[in-house]
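Engineer: Fold the following for me, if possible:
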Amino acid sequence: MKKRSIAALALILQMTMSAVAQTQTPQQPPTQQSSSQQPSPQQSSPQQPDTSDDDVVKISTNLVQVDVIVTDKSGKPVTDLKPEEVQIFEDGRPQKITHFSYVVADSSTPAPRPKANAPVDKNALPAPAGPPPAIRPDQIRRTIALIVDDLGLSFQSIYFVRRALKKFVDEQMQPGDLVAIIRTGGGIGALQQFTADKRQLYSAIDHLKWFASGRSGITPFAPLEDTSGQSDEAQAADADLNEFRADTFAVGTLGAVRSVVDGLRDLPGRKSILLISDGFQIYSRDDPARTYRAKEALQRLVDQAGRAAVVIYTMNATGLQTLGLSAADNVGGRSPDQLSQALTNRRNAAFDTQEGLNDLAKETGGIAIHNTNDLGGGIRRVMDDQKGYYLIGYRPDDSTFDAKTGRRKFHKLTGKVTRAGKYNFRSRNGFYGITDEEIKTATNTPQRQIIKALISPFSSAGVRVHLTSLFANDAKAGSLMRSMLHINCNDLSFTDLADGWRQAEFDVVALTFGENGGVVTEPTSRTYKLRVRGPDYQAVLKEGLVYFLTVPMKKSGAYQLRAAVRDHGSERVGSASQFIEVPDIAKNRLTLSGIVISGIDPTPSKPQSQVAPAAGSQPTDEKSGAHQDYQHATNSAAVRQFQRGQILDYGLVIYNAHLDKATAQPQLQLQVRIFRDGKPVFTGKDQAFKISGPSDLKRLGATGGIQLGADMVPGEYVFQVIVHDLVADEKHRVATQWMDFEIVK
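Structural biologist: Have a look, this model is predicted:
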């Protein structure tokens, strides 16, 4: 078993190991623990909102639906309204309500706080965080895009925004939340970051940077400068240039928000955007025609957000500002009247840029947070506002979608509560007279099918695929990501050829995204033809195919690999993604490679399934005709589907273990854990790591095995390895790595 594990490490991680140390992990079946710690019915997920077709916002010739939030004078949500207590107006004309329901978007309860006087074991080793639980579309209650407007955030504001976002992830993010942290200057690639994995969100927060070429400087409002050396013409030219830059970046901000709205359209849950910005100007006091592009962009965004059922909230990151003279201002060259006018312009700019955020929130049914230094509290207020909403529909008349007049009209929507008392009625404020069916006329080309699968935060199951991505580091080649994409060939369409041959044709596309959402490597896109017959055909149906991809990682950071497979015959698409953290090995901190896991039958007389590819059975590249990096799945390392009672065999490499000064040897302890639904179901004992004279103490190979319990419930699990370095300093003595797997019947 040890020799086979070492071989798997060498093959999959592509590392040279002169000697490999072994961990003596006993084969302990997690039987009673795994069964007894399964969630009880009382611990099941909260009831999900109804996601039937009636609960989807629609705009059609026979139905217009709008989602509405109603609060009382204290800001508390009102959940018991009746249809006769609400009125809807289109362009000022009352409409007869035909559909009315209240949708609960958040029924979760806050996590219990730890006891203040809980006993602490000072001698206990640090406990690493558990792996993130897998999340499915039917578990999503809220889908939240936190858009950081780096095109319009000052250097000062970025610091406070990062702090507030970390507080949100630490304290306010709930199970069932799908979250993305997106920069307005980050491009469409940032849409790949929708996740429930807090590691990815922390990485996105850590890499938020001030955009020096944006519309904000070091502080939200630029200090006054000495104008004594400038002519009136030069000052006017500078003012015009600044106005042009502000208008351009305002349109850029709204365009970035539109891209996110488009990505949210097909996602589940209550969908919302929180735009965090220093503000932007929609209306000009001096020249109303100057900002027409921004006004038009805002109106189209309102329409698009309404069709996608997305509510947009805004938060002004400038906080409470002193708009009078400050120590940073240089008043040289200005007369008293000019100084007074400059301060008036500053106050007007503060009001006008906030007005842009106010209008965006108001027009889409959200709320605008401003005049507060508590940005974390502002985010909490936004999250509390999303616990439920009314879905109200009416039958429009023929004039709503009348195309005879030429350009389709933007229809204004308003509403009110007729029940006695003071209520706040919030919804999107309008839509264009174009039906959803007219908008969805674009041809569903193969390229669109693949792109849709790649940008979705969920795996597509049209073609069943498994993706395994592993970090590794080689002394010569440096850091790399080695990935295995397993394709279930039962989902491919085979056609019969002469002499008993069968052929399937399919596309494989793979993209690697960096921490800022941009594509960091050239996309891998190929079309393959798989020709097999006889036993080889039966073998590929049983074992599937594995596509290997190696990507050099020149820089440390967070990466995400997304891959999609499209079958030509059926046009079905499958996709998968995996998040990888590439550490900086040069920092000499304890680090682990990815974990290779596979299953072994504990009965020696029962051999493992081995299938060797026969001549002519491998797929060929349609462009070059050459055989590619495909092979039959000869073990379950790429699939990670095991049976109860099997031995889960694992291997990894430990980097940068510190050496004891007295013995010149590392002192490491290893522990393994198994999780289901985010809860530990098995925790192994700490095991001393023993070595036998390896030549490279910076790269220590470790293998082991644990027998899966015979009564473990079929489903998804996570296997975790924890390494403690007893010689390293307390801050850097723990490293952990995990890999998901599935138990099948």
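
Engineer: Give me the pLDDT value at the closest residue to A256 other than its chain neighbours.
Structural biologist: When the adjacent residues along the chain are set aside, A256 lies closest to T184, with 3.9 Å between them (Cβ to Cβ, 6 or more residues apart in numbering). For every residue, glycine as well, the C-beta is placed using N, CA and C. As predicted, T184 sits at a pLDDT of 75.

Engineer: Hmm, T184 is touching D150, no?
Structural biologist: Yes. T184 is in contact with D150 according to Cβ atoms under 8 Å; the separation is 6.0 Å.

Engineer: next helix or strand past the helix or strand of the chain with the lowest mean pLDDT?
Structural biologist: The element with the least model confidence among the helices and strands of the chain, by mean pLDDT, DSSP states H and E, is helix 32-36, at a mean of 30. Per DSSP states H and E, the first helix or strand lying C-terminal to helix 32-36 is strand 59-60.

Engineer: Partner strands of that following strand, with direction?
Structural biologist: Applying DSSP bridges, strand 59-60 is found paired with strand 63-72 (antiparallel).

Engineer: which residues sit against the partner strand?
Structural biologist: Around strand 63-72, the neighbours that count as contacts under Cβ atoms under 8 Å, 6 or more residues apart in numbering are 56-59, 77-78, 81, 86, 88, 90, 95, 98-99, 103, 306, 309, 311, 365, 385, 389-396, 400, 413, 415, 417, 421-428, 431.

Engineer: Tell me the helix or strand right after that strand.
Structural biologist: Scanning the chain past strand 63-72 towards its C-terminal end, the next helix or strand to appear is strand 86-90 (assignment: DSSP H and E).

Engineer: May I see the buried residues of the following helix or strand past that following strand?
Structural biologist: In the C-terminal direction, the helix or strand that comes right after strand 86-90 (DSSP H and E) is strand 93-95. Using 16 or more other Cβ atoms under 10 Å as the test for burial, strand 93-95 gives Q95.

Engineer: so what strands line up beside strand 93-95?
Structural biologist: Partners of strand 93-95, by DSSP bridges, with direction: strand 86-90 (antiparallel).

Engineer: Only the buried residues of the partner strand, if you could.
Structural biologist: Neighbour-count burial for strand 86-90 flags 86-88, 90 (criterion: 16+ other Cβ under 10 Å).

Engineer: quick one: average confidence on that strand?
Structural biologist: If you average the per-residue pLDDT over strand 86-90, you get 93.

Engineer: In a helix, K542, correct?
Structural biologist: Yes. Read with DSSP: H, G, I helix; E, B strand; the rest coil, K542 is one of the residues of a helix.

Engineer: ok, R533 touching A498?
Structural biologist: No. Using Cβ under 8 Å as the test, R533 is too far from A498 to be in contact (10.1 Å).

Engineer: more crowded one of the two?
Structural biologist: Neighbours per residue (other Cβ atoms under 10 Å) separate R533 from A498, with R533 holding more: 17 against 5.

Engineer: pull the CA atoms of stretch 551-569 into PDB?
Structural biologist: Only the C-alpha atoms of stretch 551-569 are listed here, as PDB (Å, rounded to 0.1, in the frame of the first residue of the first chain):
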ATOM      1  CA  VAL A 551      -0.500  25.000 -15.000                       C
ATOM      2  CA  PRO A 552       2.800  26.600 -13.800                       C
ATOM      3  CA  MET A 553       2.100  29.100 -11.000                       C
ATOM      4  CA  LYS A 554       4.600  31.900 -11.100                       C
ATOM      5  CA  LYS A 555       3.100  33.900  -8.300                       C
ATOM      6  CA  SER A 556       1.500  33.000  -5.000                       C
ATOM      7  CA  GLY A 557      -2.100  33.800  -4.400                       C
ATOM      8  CA  ALA A 558      -5.600  32.400  -4.800                       C
ATOM      9  CA  TYR A 559      -6.600  30.700  -8.100                       C
ATOM     10  CA  GLN A 560      -9.700  29.000  -9.400                       C
ATOM     11  CA  LEU A 561      -9.700  26.500 -12.300                       C
ATOM     12  CA  ARG A 562     -13.000  26.100 -14.100                       C
ATOM     13  CA  ALA A 563     -13.500  23.400 -16.800                       C
ATOM     14  CA  ALA A 564     -16.400  22.500 -19.000                       C
ATOM     15  CA  VAL A 565     -17.100  19.600 -21.300                       C
ATOM     16  CA  ARG A 566     -19.700  19.800 -24.100                       C
ATOM     17  CA  ASP A 567     -21.000  16.700 -25.900                       C
ATOM     18  CA  HIS A 568     -21.600  17.400 -29.600                       C
ATOM     19  CA  GLY A 569     -24.300  14.800 -30.200                       C
END
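
Engineer: Can you give me the buried ones in it?
Structural biologist: Of the residues in stretch 551-569, those scored as buried under the neighbour-count criterion (16+ other Cβ under 10 Å) are 551, 553, 557-568.

Engineer: And those residues, which is closest to A638?
Structural biologist: Distances from A638 to the buried residues of stretch 551-569, taken as Cβ to Cβ, are shortest for A563 (12.3 Å).

Engineer: Please read off the pLDDT at the residue nearest to the closest one when sequence neighbours are not counted from the model.
Structural biologist: Take A563 and drop its neighbours on the chain: the residue closest to it by Cβ to Cβ, 6+ apart is A510, 4.3 Å away. The predicted local confidence for A510 comes out at a pLDDT of 88.

Engineer: what do you get for L339?
Structural biologist: The predicted local distance difference test score for L339 is 65.

Engineer: Equivalent analysis for the one 3 residues further on, please.
Structural biologist: The predicted structure scores A342 at 66 on the pLDDT scale.

Engineer: change the start of the numbering to 49 and stick with it
Structural biologist: Yes, from this point I'll number from 49; that puts the last item at A390.

Engineer: Count the neighbours of K779 for me.
Structural biologist: 8.

Engineer: Could you check how far it is from K215?
Structural biologist: As for K779, its distance to K215 is 22 Å (criterion: Cβ to Cβ, to the nearest Å).

Engineer: and what of W786?
Structural biologist: The span separating W786 from K215 equals 26 Å under the rule Cβ to Cβ.

Engineer: Please say which of those two ends up with more neighbours.
Structural biologist: For W786 versus K215, the count of surrounding residues by other Cβ under 10 Å is larger for W786: 22 against 16.

Engineer: pretty sure the more buried one is in a helix, no?
Structural biologist: No. The assignment for W786 by three-state DSSP gives strand, which leaves it out of any helix.

Engineer: who's it bridged to?
Structural biologist: Partner residues in beta bridges with W786, using DSSP bridges, are Q768.

Engineer: if I read this right, it contacts I645, doesn't it?
Structural biologist: No. No contact is recorded between W786 and I645 when judged using Cβ under 8 Å, the distance being 10.0 Å.

Engineer: Give the residues shared as contacts by the two.
Structural biologist: Taking Cβ under 8 Å, 6+ apart as the criterion, W786 and I645 both touch F767.

Engineer: Reformat the buried residues of strand 134-138 as JSON lines; add distance to Q495.
Structural biologist: Supplementary listing: the buried residues of strand 134-138 in JSON lines, determined by distance: Cβ to Cβ, whole Å:
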{"residue": "V134", "distance to Q495": "44"}
{"residue": "Q135", "distance to Q495": "46"}
{"residue": "I136", "distance to Q495": "40"}
{"residue": "E138", "distance to Q495": "38"}
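
Engineer: Just flag the most distant two among these.
Structural biologist: Between any two of the buried residues of strand 134-138, the greatest separation by Cβ to Cβ is 14.1 Å, found for V134 and E138.

Engineer: Please name the nearest non-neighbouring residue to K106.
Structural biologist: For K106, the closest residue by Cβ to Cβ, 6+ apart turns out to be Q113, at 4.8 Å.

Engineer: From S320, how far off is that neighbour?
Structural biologist: Q113 sits at a distance of 17 Å from S320 (criterion: Cβ to Cβ).

Engineer: Strands of the stretch 649-793 of the chain, start to end?
Structural biologist: In chain order, the stretch 649-793 of the chain shows strands spanning 668-669, 678-680, 689-691, 695-703, 716-724, 727-731, 735-738, 747-755, 763-773, 782-792, with DSSP state E, counting those that start in this stretch as the criterion.

Engineer: Need the contact partners of the last one.
Structural biologist: Just to be clear, that refers to strand 782-792. For strand 782-792, with Cβ under 8 Å, 6+ apart as the criterion, the contacting residues are 173-174, 176-177, 179, 182, 516, 638-643, 645, 688-692, 696, 698, 700, 702, 723, 756, 760-773.
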